[in-house]
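S.K.: Sequence first, predicted coordinates after that:
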Amino acid sequence: MSAEAHAHPTGPSLVDRRLPPVTEIGAASMIAIAGGVIYLAAYLPKHAPIWFAIVMLAIAAGLQLTNAILLSRVPDFAWSRFFEVGRWGLLAYAVIAGMIEFAFVYDHTRGAQLVVMTLMLALFMLNVPVLIAFTVARYQATSSL
Amino acid sequence: MAVATQAAVAPAAMSERPKVVIVPIKGLPIVGVVLLGVIAAISTNSRWGLMFCHVVGGGLWTGIDLFVGFIVGPIIGRMSIPARIEFSTRFMPKMLLIMPTVVTMTLAAGFQTARLSGFLDTSAPRHAWVVASFGVVGVMAVIALAYLEPANVAVLFELRKPQPDGRVIEKLMRRFIYTAGITGVMQVATLIIMTRLAS
C-alpha cells in the first residue's frame, strides 16, 4: 500500500495544512478566460477588436503559470493522486473543450479570433483538471504528514 | 465543538457506509448518447434538435440548481456527519455525470440557437440579453468549476479512505452547500433573461 493510502483522522487534520492559493488563482484565471470568451462571443459572427481578448488570454496564462510554479514548490504533496485525478479530468474537459471548438469552427470563426478562442479553450481545459486534482490531493496524506 | 464531535462520530459510521464510486461507469454511455445528439443537432442545423437540447438541458440545469441550492443544500447543512456521508456517497457521483453533461448540452445548443435566430448579431434588439446570459453563465462556470466540482470530487475521495476525516468532509460539504446556493441565485437571473428573450 502506498504512503498516500494512509489517512490520519486521529492526528492533525489535513484541513489545517497551509498551501498556496491555487484554487483562488485558478478561479481568477477562469474569470479572465470567461471575460475573453464572452467578449469575443458577444461580437460573433462579426470580428471583435482582438486586443482585449489577448490581454485576458495573457492574464489567464500568467495566472496558470504562477499556479504551476507554486504547486511545484509544495513539499510533501500527494503527486500520484494529483496526476491520477488530473489525467481523468483532462480527458473529460478535452471532450467538452473539443465540442466548444467544434461549434466555433462550424460557425466559421476564423483567423486571429479562432486562434485566441482555441488558446483560451486550451487554458480552460488545463485549468479545471488542475483545480479538481489539487482539491483532491491536498487532503491526501503523504509519508511525512 | 460541534465539528469536533461530528468528526469523532464519523469513524463509527464508517463501517456501515456504502462502497464509494467516483464516476458511475454505467452512466457514461448515456452521456455519450446525449453529447452525440448535441453534435448531430449542431452539424445538421436542426432547429428542433437544437431547441430540444437547449430547453431540456436548460430546464434540467436550472431545476437541479434551484432544487439543490435552495432545498437539498440547506437540508444537507442540518444533517449529521454520518447522514451527510451516506447521502453524499449516493448523490455526488450522479451529480458528477449529470451536471457537466446537462451544462454542455444547454450551452452548445443554446449558442447555436442564438446564432440561427439572429440573437448573436450585435444589431439584434435583444442582443444585450444574450450577452447578459453569457455573463451569468460565466459567473456560474467559475463558481461551479473552480469550487463546486472540485469539492464534489474531493468529498468522494475522502469517503473512500478507510477512516475519512470528518473535518475535511465538513469543510468540503460547506463549500458545496454555499456554491450550490450561489448558482441557485444565478439561475433566477437566467430565468429572467431567458423569459425576456423568448417574449
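M.R.: On my side now, so go ahead.
S.K.: all helices for chain A, in order.
M.R.: For chain A, applying DSSP state H gives helices covering A:22-43, A:51-72, A:79-106, A:111-137.
S.K.: and what of chain B?
M.R.: B:2-14, B:28-43, B:47-67, B:73-77, B:81-117, B:127-143, B:149-159, B:166-198.
S.K.: which residues does the residue nearest the centre of chain B contact?
M.R.: Central residue of chain B (Cα atoms, centre = their mean): residue B:99, 4.0 Å from the mean position. By Cβ atoms under 8 Å, 6 or more residues apart in numbering or on different chains, the contact list for residue B:99 reads B:61, B:64, B:144, B:149. All C-beta spots, glycine's among them, are computed from the backbone N, C-alpha and C.
S.K.: Can you report how many residues neighbour the third one?
M.R.: Other residues near residue B:144 number 23, with proximity taken as other Cβ atoms under 10 Å in any protein chain shown.
S.K.: Can you get me a residue count around the nearest residue to it once chain neighbours are set aside?
M.R.: Closest residue to residue B:144 apart from its sequence neighbours, by Cβ to Cβ, 6 or more residues apart in numbering or on different chains: residue B:183 at 6.1 Å. Neighbourhood size, residue B:183 [other Cβ under 10 Å]: 26.
S.K.: Now do the residue nearest to residue B:98 when sequence neighbours are not counted: how many residues are near it, please.
M.R.: Nearest residue to residue B:98 in three dimensions, chain neighbours excluded: residue B:64, at 7.1 Å (Cβ to Cβ, 6+ apart). Look at residue B:64: counted by other Cβ under 10 Å, it has 19 neighbours.
S.K.: before we move on, what about residue B:190?
M.R.: 21.
S.K.: quick one: the closest residue to it other than its chain neighbours from residue B:121, how far?
M.R.: Sequence neighbours aside, residue B:136 is the residue nearest to residue B:190 in space, at 5.5 Å (criterion: Cβ to Cβ, 6+ apart). Using Cβ to Cβ, to the nearest Å, we find residue B:136 at a distance of 20 Å from residue B:121.
S.K.: Equivalent analysis for residue B:62, please.
M.R.: Using Cβ to Cβ, we find residue B:62 at a distance of 26 Å from residue B:121.
S.K.: Those two: which has the busier surroundings?
M.R.: More crowded of residue B:62 and residue B:121, by other Cβ under 10 Å: residue B:62, with 20 against 16.
S.K.: Please name the nearest non-neighbouring residue to the more buried one.
M.R.: Nearest in space to residue B:62, with sequence neighbours left out and distances taken as Cβ to Cβ, 6+ apart, is residue B:187 at 4.7 Å.
S.K.: per-residue pLDDT, the one you found?
M.R.: pLDDT for residue B:187: 88.
S.K.: ok, now which ones touch it?
M.R.: By Cβ under 8 Å, 6+ apart, residue B:187 lies in contact with B:61, B:62, B:65, B:66, B:69, B:140.
S.K.: Now do the same contact list for the third one.
M.R.: Meaning residue B:65. Contacts for residue B:65 were tallied using Cβ under 8 Å, 6+ apart; they are B:180, B:183, B:184, B:186, B:187.
S.K.: show me where pLDDT drops low in chain A?
M.R.: A:1-12, A:45, A:143-145 (pLDDT under 70).
S.K.: can you tell me which residue is nearest the centre of it?
M.R.: For chain A, by Cα atoms, centre = their mean, the most central residue is residue A:127; offset 0.7 Å.
S.K.: related to what we said a few turns ago, pick the most deeply packed of the helices of chain B.
M.R.: With neighbours defined as mean count of other Cβ atoms under 10 Å in any protein chain shown, those peak in mean count at helix B:149-159, which reaches a mean of 24.
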